[in-house]
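In: got a sequence here, can you build the structure:
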Amino acid sequence: MERRDFIKISALSGVMATLEACRAPEKQLVRFVPEEELIPGIATWKPSVCTLCSAGCGSLVRVMQGEAEVVRHGQRGLIKMGLAKKLEGNPQHPINQGKLCARGQAGLQVLYHPDRITHPIKRSGPRGSGEFQQITWDDALKELSAHLAALQASKSTDALAFLARPLHGQRHELIERFLKAYGAPPAVWYQPFDETVLRQANLLSFGHAALPTFNLAHADYVISFGADFLGSWNSSVAQSIGYGEMRQGRPGRRAKFVQVESRMSQTGANTDEWIPCRPGTEGTLALGIAHVILNEKLAPQGSGSRAGSLIAGWSADLPDYSPEAVEKHTGVPAAVIKRLAHEITLSGSAAAMVGGAPLAQTNGLFNALAVNALESLVDRAPILGFTPDLAQSAPQMQASLASLNALAKSALQMLLLYEANPIFSAPPSVRIREALAKIPYIVSFGSFIDETSAQADLILPDHAPLESWLDSTPESGSLQAVASLAPPAVLPLHDTRPMPDVLLGLAHQLGGDVAKALPFATYDAMLRAAFVPLRARGGSIDAKTDDDFWDAAQTQGGWWSVPSAAHTPNPSPPLAAPSKHAPMAMAAPEFVGAAGDFPFYFLPYASQSFGDGSLAHLPWLQELPDVLTSAMWSSWVEIHPKTGERLGIGHGDLVEIASSQGTVRAAAILSPGIAPDMVAMPVGQGHENFTRFASGRGANPLSILAPITEKETGSLAWAATRVKLTRAGGPEQAKLILFAGGMSGFPHEEERR
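Out: As a prediction, this is how the structure comes out:
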């Protein structure tokens, strides 16, 4: 879809309402008095915080005066107001330094989306039917408050649950304080691609239960095991900036980059050397490299002692991981393993990282600990660090799947939903749809109706991010402590209310311990109470009073510490003492599905456009061509050309992918950048109900995943399912859409002429 078409659709409701008003005087739109002073034709840039992933990048919003159809005090009318026209990165922000990815740019469409919920609605039909009727905020809040009070009166407050996507900052704090004071269990923070395994490994290896920050700009050699750090893993914008410096920012000094993975990612496509490895054996390969370094004394004695102590045989130079033995497990030639070991140790500064599929195996913690041990052995600069913790939000240390399973089995009376869609993203074995059907009362704070919010009895739509007070404490991406902050960039368009203010209002109505725990009249008052103490830490704002500090933080887009003069990735001490975790021996991965019946490893991977599928409703991201395949507005499955030839599958054919849990269908893309015994499919499409742009489009690979978990943490092992392939039709049935390539990607005969 072209942008001008989206603008036409966005404006359609306002135009139709205006035409209707011309025919019916009683429906004429009121022209409201402007609520802010703006100079026509002059742009104002306002700070904001990108919320379209967890990285917490700072942004700037270009605001200009325009006329919009809005709702004020329950009445619809026209007003001249500041309208957001463009998003860019904030040059002052330490995370993204003025850059912004495609997802961040598309944040504008959340504000103007034609399918936004514009007012409170209450279920009027059977649950899940999508039938709702409009109600007033007074009636909606009265109803919600009555249900909360009833649970209190019956001493059943533990029957309330809050299900949300992971949050960083004061929204996380607000929700947890509300639940604790009310007497409910902690919130369930759910996302399908959680990072519990890596946080646990980093806690054991380095004493930090957090995602890592790599100072790539100072690296001379980087080896990545499955981490798509230029695409969808961790803080991708910050990592892309560091990668650019590493490769081109130092005249005469260009680092080497090696990627180990079974399916070529965007990061793998930018590497010097791409090494395919059998799924789940990445940790064994890392220890094979470490064996050569230790056995040949290529690193100083004592290197990697803490992280290495978690690996059985480390003190004896890893005798079970000779290059020849590792070759049998991984498929990587022994000569390559030896060469990599020598290259890494001869470089000036090196780093090893792990992410993505290696952690989504049944032996994911072993893989992570193994790569961490290699990192400690070779990183003498050092390159690995951790963003200083401001203790404003706790890390997500409980596996999302384990939390969701517990919620599904609980005897709940009431559920609050916020930006989580487990019906779409959870494996079918959780049976979350059936679990929600048993809960008597469900309230959603979502801005859009999706598969999960369609089950709600009441929907109280949140402001769009650009209409809200925003804050974030990024977990990674900078070696400075960072607390992002931004006031609303524009006034609200619709009859919506910010979720934090709704919770605060409910706390005051409930009174007692809940009101005492949240004594703030508004969310910005809570933000001020959290931010002003940062003034004592100095940093990027030099202010004489708390008021000056608060004003400066809003203008700058937050507060951050001053970077150290020396490049010290980890200025703060470890948060935990050395672990007493028993050393881990080599652990082989396990897969669901017998190899004879399901001969292919299945890799569902996070889409660079849609992430875990929560952004599929934005048309700019639907029309964004995939970096490697150029596919758009559709689903596809990547298979090796030799596999396609053997099974009679051609480029663009319709393929059925079957696991022990079910089947999905998608168009085939033949790619040499994938192992012959593996098939891969991006996550994001396949929504049953998620606005006009995503509903009924493509297929959802998460729907056929087996309910197998990583053995140590309980995280979903989303890369541990095996599948079989069958040709189900030709290109005309698959309807694969490629950028500038028609439906199948192949030009017709007359076009070739």
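In: contacts, neighbours, all on C-alpha from now
Out: Will do.
In: what about the stretch 601-750 of the chain, any weak spots by pLDDT?
Out: 741-750 (pLDDT under 70).
In: 80 instead?
Out: Across the stretch 601-750 of the chain, the ranges flagged by pLDDT under 80 are 740-750.
In: could you pull out the helices for it?
Out: Using DSSP state H, counting those that start in this stretch, the helices of the stretch 601-750 of the chain run over 619-622, 641-647, 691-694, 731-734, 749-752.
In: do the stretch 451-600 of the chain as well
Out: Secondary structure of the stretch 451-600 of the chain (DSSP H, counting those that start in this stretch): helices located at 499-510, 512-517, 523-531, 546-556.
In: ok, now the stretch 1-150 of the chain?
Out: Using DSSP H, counting those that start in this stretch, the helices found in the stretch 1-150 of the chain span residues 3-23, 102-105, 108-112, 137-153.
In: where among those helices is average confidence lowest?
Out: Among those, helix 3-23 has the lowest mean pLDDT, at a mean of 43.
In: any idea how far stretch 493-505 is from the middle of the chain?
Out: Taking Cα atoms, centre = their mean, to the nearest Å, one finds the center of stretch 493-505 at 24 Å from the center of the full chain.
In: please export the C-alpha coordinates of it as PDB.
Out: This file holds the C-alpha atoms of stretch 493-505, laid out as PDB (Å, rounded to 0.1, in the frame of the first residue of the first chain):
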ATOM      1  CA  LEU A 493      -7.300  12.900  18.800                       C
ATOM      2  CA  HIS A 494      -9.900  10.700  20.200                       C
ATOM      3  CA  ASP A 495     -11.900   9.900  23.400                       C
ATOM      4  CA  THR A 496      -9.000   7.800  24.900                       C
ATOM      5  CA  ARG A 497      -7.200   8.000  28.200                       C
ATOM      6  CA  PRO A 498      -3.700   6.900  29.200                       C
ATOM      7  CA  MET A 499      -3.500   3.600  30.900                       C
ATOM      8  CA  PRO A 500      -1.300   4.800  33.800                       C
ATOM      9  CA  ASP A 501      -3.700   7.600  34.600                       C
ATOM     10  CA  VAL A 502      -6.600   5.100  34.600                       C
ATOM     11  CA  LEU A 503      -4.800   2.900  37.000                       C
ATOM     12  CA  LEU A 504      -4.000   5.800  39.300                       C
ATOM     13  CA  GLY A 505      -7.600   6.900  39.300                       C
END
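In: residues contacting that stretch, please?
Out: 68-74, 118-120, 171, 174-175, 178, 445, 460-463, 468, 518, 520-523 (Cα atoms under 8 Å, 6 or more residues apart in numbering).
In: kindly report the same for stretch 410-425.
Out: Counting by Cα under 8 Å, 6+ apart, 159-165, 190-192, 432-433, 439-446, 450-453, 612-614, 687, 700, 702-703 sit against stretch 410-425.
In: starting at the chain centroid, how far to that stretch?
Out: Offset of stretch 410-425 from its chain centre (Cα atoms, centre = their mean): 18 Å.
In: how long is it end to end?
Out: Stretch 410-425 has an end-to-end distance of 20 Å (criterion: Cα to Cα, to the nearest Å).
In: for it, buried residues please.
Out: Under the neighbour-count criterion of 16 or more other Cα atoms under 10 Å, stretch 410-425 has 412-425 buried.
In: what's the answer for stretch 595-613, then?
Out: Within stretch 595-613, the residues scored as buried using 16+ other Cα under 10 Å are 598, 600-613.
In: next: stretch 646-666.
Out: Here stretch 646-666 shows 649-661, 663-666 as buried, counting by 16+ other Cα under 10 Å.
In: burial measure for the closest residue to residue 642 other than its chain neighbours, as a count.
Out: Distance criterion Cα to Cα, 6 or more residues apart in numbering; nearest residue to residue 642, sequence neighbours excluded, is residue 676 at 6.7 Å. Residues lying near residue 676 (other Cα atoms under 10 Å) number 18.
In: contacting residues around residue 676?
Out: Contacts of residue 676 (Cα under 8 Å, 6+ apart): 639-643.
In: thought residue 134 was touching residue 122?
Out: Yes. Contact criterion Cα atoms under 8 Å: residue 134 and residue 122 qualify, at 6.4 Å.
In: and these two? Which one has more around it.
Out: Taking other Cα under 10 Å, residue 134 and residue 122 do not tie; residue 122 has more neighbours (18 against 15).
In: pretty sure that one sits against residue 130.
Out: No. Counting by Cα under 8 Å, residue 122 stays clear of residue 130, with 10.1 Å between them.
In: how many neighbours does residue 389 have?
Out: 21.
In: same check, this time on residue 627
Out: For residue 627, the tally of surrounding residues (other Cα under 10 Å) stands at 13.
In: sec struct for the closest residue to it other than its chain neighbours, please.
Out: Of all residues not flanking residue 627 in the chain, residue 266 sits nearest, at 6.8 Å (Cα to Cα, 6+ apart). The three-state label given to residue 266 by DSSP: H, G, I helix; E, B strand; the rest coil is coil.
In: how near is residue 92 to residue 719?
Out: Going from residue 92 to residue 719 by Cα to Cα gives 38 Å.
In: okay, the two: which has more neighbours?
Out: Higher neighbour count among residue 92 and residue 719: residue 719, with 27 against 16, using other Cα under 10 Å.
In: need phi/psi at that one.
Out: Per-residue torsions, residue 719: phi -110, psi 20 (degrees, to the nearest 10).
In: list the contacts of it.
Out: Neighbouring residues of residue 719 by Cα under 8 Å, 6+ apart: 357, 360-361, 601-604.
In: and the pLDDT for residue 28?
Out: Note for residue 28: predicted pLDDT of 66.
In: likewise the one 3 residues further on?
Out: Residue-level confidence at residue 31 comes out at 86, pLDDT.
In: state the number of residues packed around it.
Out: The local packing of residue 31 (other Cα under 10 Å) involves 14 other residues.
In: what about the nearest residue to it once chain neighbours are set aside, how many residues nearby?
Out: Of all residues not flanking residue 31 in the chain, residue 78 sits nearest, at 4.7 Å (Cα to Cα, 6+ apart). Residue 78 has 19 neighbours, counted by other Cα under 10 Å.
In: which residues does residue 78 contact?
Out: By Cα under 8 Å, 6+ apart, the neighbours of residue 78 are 29-32, 67-70.
In: and what of residue 677?
Out: Residue 677 is in contact with 599-601, 643, counting by Cα under 8 Å, 6+ apart.
In: can you do 10 Å?
Out: Applying Cα atoms under 10 Å, 6 or more residues apart in numbering to residue 677 gives the contacts 262, 278, 599-602, 639-640, 642-643.
In: cool, and residue 674?
Out: By Cα under 10 Å, 6+ apart, the residues touching residue 674 are 261-265, 276, 638-641, 680.
In: so which of the residues you listed comes closest to residue 407?
Out: Of all the contacts of residue 674, residue 680 has the smallest distance to residue 407: 30.2 Å, by Cα to Cα.
In: count of neighbours near the closest one?
Out: When neighbours are counted by other Cα under 10 Å, residue 680 comes out with 24.
In: how much space separates the spatially closest residue to it that is not a sequence neighbour from residue 674?
Out: Excluding its sequence neighbours, the residue lying closest to residue 680 (Cα to Cα, 6+ apart) is residue 603, at 4.5 Å. Distance of residue 603 to residue 674, given as Cα to Cα: 10 Å.
In: overlap of the contact sets of these two?
Out: Each of 262-263, 638, 680 lies in contact with both residue 603 and residue 674 under the rule Cα under 10 Å, 6+ apart.
In: my read: residue 374 touches residue 282, true?
Out: No. If you go by Cα atoms under 10 Å, residue 374 and residue 282 don't touch, sitting 11.7 Å apart.
In: which of the two has more neighbours?
Out: residue 282 (30 against 26).
In: wait, that one touches residue 227, no?
Out: No. The pair residue 282 and residue 227 fails to qualify as a contact (Cα under 10 Å) at a distance of 11.3 Å.
In: for the residue nearest to residue 79 when sequence neighbours are not counted, what are its contacts?
Out: Distance criterion Cα to Cα, 6+ apart; nearest residue to residue 79, sequence neighbours excluded, is residue 32 at 5.1 Å. By Cα under 10 Å, 6+ apart, the contact list for residue 32 reads 69-72, 75-80.
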